[in-house]
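# Okay, structure incoming, though there's no sequence with it:
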């Protein structure tokens, strides 16, 4: 099976400091992979680099989506190619309603205006799916939102945009138990045979709700070891110290 995402020996700098030190990762279509690792290991840097943030300079290696390099693609081009990034700390946009924001997003992704009736139908279905109140659509984007509301809005964007690759950067950050369950259920329900997901997290709790195909441990700027869901349990029990001692394993 061809890879949907293939990262080849990726090195990247932030403000002149090397953060990614040779990341290699392959995700086939339809699979959910998780990346776990301690603070400062480079996990979020990887997510921003995949999305093409200009602050993150790639010095060597390659990123392929559907077998084609995207290194020269801008952030908006990568979004139109089908990459979606769920932010750890979503930005508020006072004065812009959720409805207007999402309709503009869809216009840019699809390359044309979405008819009002169709958009309202898609928005209503997405909000019901994520157990969101009807008045949520009239609020300003992330302005005064709780942690759970911010993350539901991120997953709502994903549901409407229908990306090929969803990169979820600490989507479980700051969530209570109920919000975590809803978000995780939303992610799992958006799984499709042609959509891949990369879930970046510190903790086991969200992974308990997901059907994972592979787990990767990220330390010192690269993937040190990979395995199945049993790896999550070992990390929860023993921490990360053993990973560097045992060395890199595929």
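Thanks, I have it. Bear in mind that the values here come from a model prediction, so they are computed numbers and not experimental data.
# Run the chain-centre distance for stretch 205-223.
A distance of 12 Å separates the centroid of the chain from that of stretch 205-223, by Cα atoms, centre = their mean, to the nearest Å.
# quick one: average pLDDT of that stretch?
Mean per-residue pLDDT for stretch 205-223: 93.
# Give the buried residues for it.
Buried positions in stretch 205-223, judged by neighbour count with 16 or more other Cβ atoms under 10 Å: 206-207, 209-210, 212-219, 221-223. From N, CA and C alone the C-beta is placed, and that goes for glycine too.
# How about stretch 4-21?
Under the neighbour-count rule (16+ other Cβ under 10 Å), stretch 4-21 has 4-7, 10-14, 19-20 buried.
# Which stretches in this protein count as helices?
Assigned by DSSP state H, the chain shows helices spanning 43-51, 75-81, 98-110, 116-129, 147-161, 177-189, 230-238, 241-246.
# Rebuild those helices as TSV, extending it with mean pLDDT and distance to residue 135.
Formatted as TSV, these follow (pLDDT from 0 to 100; distance: least, Cβ to Cβ, whole Å):
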stretch	mean pLDDT	distance to residue 135
helix 43-51	95	31
helix 75-81	94	28
helix 98-110	95	10
helix 116-129	95	10
helix 147-161	94	12
helix 177-189	92	18
helix 230-238	88	37
helix 241-246	78	46
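# Nearest to residue 30, out of these?
helix 177-189 (12.8 Å; Cβ to Cβ).
# Show me what the closest one is packed against.
If you count contacts as 3 or more Cβ pairs under 8 Å, 6 or more residues apart in numbering; DSSP states H and E, helix 177-189 packs onto helix 147-161.
# Need the residues that contact the helix it packs on.
In this structure, residues lying in contact with helix 147-161 by Cβ atoms under 8 Å, 6 or more residues apart in numbering are 79, 84, 86-87, 90, 98, 102, 105-106, 109, 122-123, 126-127, 129-132, 136, 141-142, 145, 166, 171-176, 178-179, 182-183, 186-187, 190.
# Pull up the per-residue confidence for residue 250.
At residue 250, the predicted lDDT confidence score is 43.
# Next, count neighbours for residue 38.
The tally of other residues near residue 38 (other Cβ atoms under 10 Å) stands at 16.
# Among the buried residues of stretch 4-21, which ones are in strands?
Assignment to strands by DSSP state E places the following of these there: 5-7, 10-14, 19-20.
# Now do the contacts for the residue lying closest to residue 53 once chain neighbours are set aside.
Closest residue to residue 53 in three dimensions, ignoring its sequence neighbours and counting by Cβ to Cβ, 6 or more residues apart in numbering: residue 75, at 6.7 Å. Residue 75 makes contacts with 51-54, as judged by Cβ under 8 Å, 6+ apart.
# Please enumerate residues in contact with stretch 212-232?
Under the criterion Cβ under 8 Å, 6+ apart, residues 18-25, 31-38, 41-43, 46, 199, 204, 207, 235, 240, 243-244, 246-250 lie in contact with stretch 212-232.
# give me every residue that touches residue 30.
Residues counted as contacts of residue 30 (Cβ under 8 Å, 6+ apart) are 191-196.
# do residue 187 as well
32, 155, 166, 168, 171, 197, 199, 210.
# Tell me the spacing between the first one and residue 213.
Here residue 32 is placed at a distance of 6 Å from residue 213 (Cβ to Cβ, to the nearest Å).
# what's the answer for the third one, then?
Here residue 166 is placed at a distance of 14 Å from residue 213 (Cβ to Cβ).
# now residue 7, which residues is it bridged with?
With DSSP bridges as the criterion, residue 7 is bridged to residue 25, residue 63.
# For it, give me its contacts.
So, once contact is read as Cβ under 8 Å, 6+ apart, residue 7 ends up touching 23-26, 50, 61-64.
# Of the residues you listed, just say which sits nearest to residue 162.
Checking these against residue 162 by Cβ to Cβ gives residue 50 as the nearest, at 18.0 Å.
# give the contact list for the closest one.
For residue 50, the contacting residues are 7, 63, 78, 83, 85, 167, 198, by Cβ under 8 Å, 6+ apart.
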